[in-house]
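Engineer: give me a model of this one.
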Amino acid sequence: MTGGLWQLVLAVLVFLASHRLTNQPAFRRPAERVLGGKRGFTVAYSILSVLLLAWMIAAYGDAPMVQVWGQQHWMRWVPPLIMPVASILAAAGLTSPNPFSIGPGAKGYDPNHPGILRLTRHPVLWAAALWAGAHILPNGDVAALILFVPLLALAVVGPAMLERKRRRDLGGEWDRLAALTGKPSVVMLGEVGWKRVVGGLVLYAALVLLHQPVIGAWPLP
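Structural biologist: Here you go, the predicted structure:
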């Protein structure tokens, strides 16, 4: 289902709808029962998200080129400068206990040593926002706007949506667990750990190397 702009629009809409649907208790609770609990649901949804992401990438690659603005050489520097930060945020967010947002879950979370959560309670979402935002400027065509603008919007509004849900779920525990989050300090560097920083840089290197064969364009200026 690729080849035209409408297929890309459909892929993006299905991706966004899937995220919206999983936050609806009327859908999620029965799905968790069928899939063997929260863990089974998370695994199934992760697989679905990867498949939908692959669909979007394929639809984007096959979409016709309809230019909105021309690319200047300096624009090509935006993704390489921003993506290392996004990659470190993603790597740290996906490997750090997090009771507030997307991540491996709350198990092992220490409110006195929140790690990357000292910077933001939603590192993965902000990594996604940086990724989408960094790719808008150098890709001034309709297909790029269809792909990146909705994903940027989702990543930007996502923290507020999750905050409301997590506050409701955690109740009186919220203040204790979140006391040191969202307050960057030099302590954060030690708590995050050099392995997560290196992991983020390795992720960035992998994205650079895979960009040409997967997307069809070399990402560096």
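Engineer: show residues contacting the least confident helix or strand in the chain by mean pLDDT.
Structural biologist: Least confident helix or strand of the chain, by mean pLDDT, DSSP states H and E, is helix 25-34 with a mean of 81. With Cβ atoms under 8 Å, 6 or more residues apart in numbering as the test, helix 25-34 has contacts from 21-22, 38, 40-41, 44. Where you see a C-beta, it was placed from the backbone N, CA and C, and this is true even at glycine.
Engineer: off-centre distance for that helix?
Structural biologist: For helix 25-34, the gap between its own C-alpha mean and the chain's C-alpha mean amounts to 23 Å (Cα atoms, centre = their mean, to the nearest Å).
Engineer: who is the closest residue to M65 other than its chain neighbours paired with across the strands?
Structural biologist: Distance criterion Cβ to Cβ, 6 or more residues apart in numbering; nearest residue to M65, sequence neighbours excluded, is D141 at 5.6 Å. Counting by DSSP bridges, D141 forms beta bridges with Q67.
Engineer: G172 versus the residue nearest the centre of the chain, what's the distance?
Structural biologist: Nearest to the geometric centre of the chain sits A128, at 3.4 Å (Cα atoms, centre = their mean). Going from A128 to G172 by Cβ to Cβ, to the nearest Å gives 30 Å.
Engineer: then stretch 118-131 to CSV, C-alphas only?
Structural biologist: Only the C-alpha atoms of stretch 118-131 are listed here, as CSV (Å, rounded to 0.1, in the frame of the first residue of the first chain):
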residue,chain,number,x,y,z
ARG,A,118,16.3,14.7,36.0
LEU,A,119,16.4,16.3,32.6
THR,A,120,12.9,15.3,31.5
ARG,A,121,10.4,12.6,32.5
HIS,A,122,9.8,11.9,28.8
PRO,A,123,13.2,11.4,27.2
VAL,A,124,11.9,9.0,24.5
LEU,A,125,9.2,11.4,23.4
TRP,A,126,11.6,14.3,23.3
ALA,A,127,14.0,12.2,21.2
ALA,A,128,11.2,11.6,18.8
ALA,A,129,10.4,15.3,18.7
LEU,A,130,14.0,16.2,18.0
TRP,A,131,14.1,13.5,15.2
